[in-house]
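Enquirer: Sequence first, then the predicted structure, then my questions.
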Amino acid sequence: MATVWIPSPYRDLAGGEQTVIVAGASVRQVTRNLDTAFPGFWERLVDEETDRIRAGISVVINGIVVGTALHEPVGENDEVHYLPAIAGGQP
């Protein structure tokens, strides 16, 4: 099962946990299973209209940004991060 790192803005859904172990062979399955264990993740992470991870959120698997596709494979011992965009800086 994959280790999913929960970013600060979403920890309220996971009872404050920083990491959780989640089954799934794709980003879609991991995200669905994460939502089953901690309701609210699917709604916050997935845009139902486009069937992709929401704009402003990137998925990183083992340090590699895979973007917003839900079909990306996830291995048994992978680390998955959902990273919200960080705004700021000078124009």
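Expert: Structure's in. What do you need? Numbers count the residues shown, from 1 in each chain.
Enquirer: so where is the protein shaky, pLDDT-wise?
Expert: 87-91 (pLDDT under 70).
Enquirer: which helix in it runs the most residues?
Expert: Criterion DSSP state H: the longest helix present in the chain is helix 27-37.
Enquirer: How about that helix, which residues are buried there?
Expert: Residues of helix 27-37 classed as buried: Val27, Arg28, Gln29, Val30, Thr31, Arg32, Asn33, Leu34, Asp35 (neighbour count, 16 or more other Cβ atoms under 10 Å). (Each C-beta comes from the backbone N, C-alpha and C, glycine too.)
Enquirer: Go through the residues you listed and name the one nearest Val65.
Expert: Val27 (12.1 Å; Cβ to Cβ).
Enquirer: Okay, the closest one and Gly75: tell me how far apart.
Expert: 12 Å (Cβ to Cβ, to the nearest Å).
Enquirer: just to revisit the earlier point, any chance of the buried residues of helix 27-37 in CSV, plus distance to Val60?
Expert: As requested, the buried residues of helix 27-37 are exported to CSV (distance: Cβ to Cβ, whole Å):
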residue, distance to Val60
Val27, 11
Arg28, 16
Gln29, 17
Val30, 12
Thr31, 14
Arg32, 19
Asn33, 18
Leu34, 15
Asp35, 19
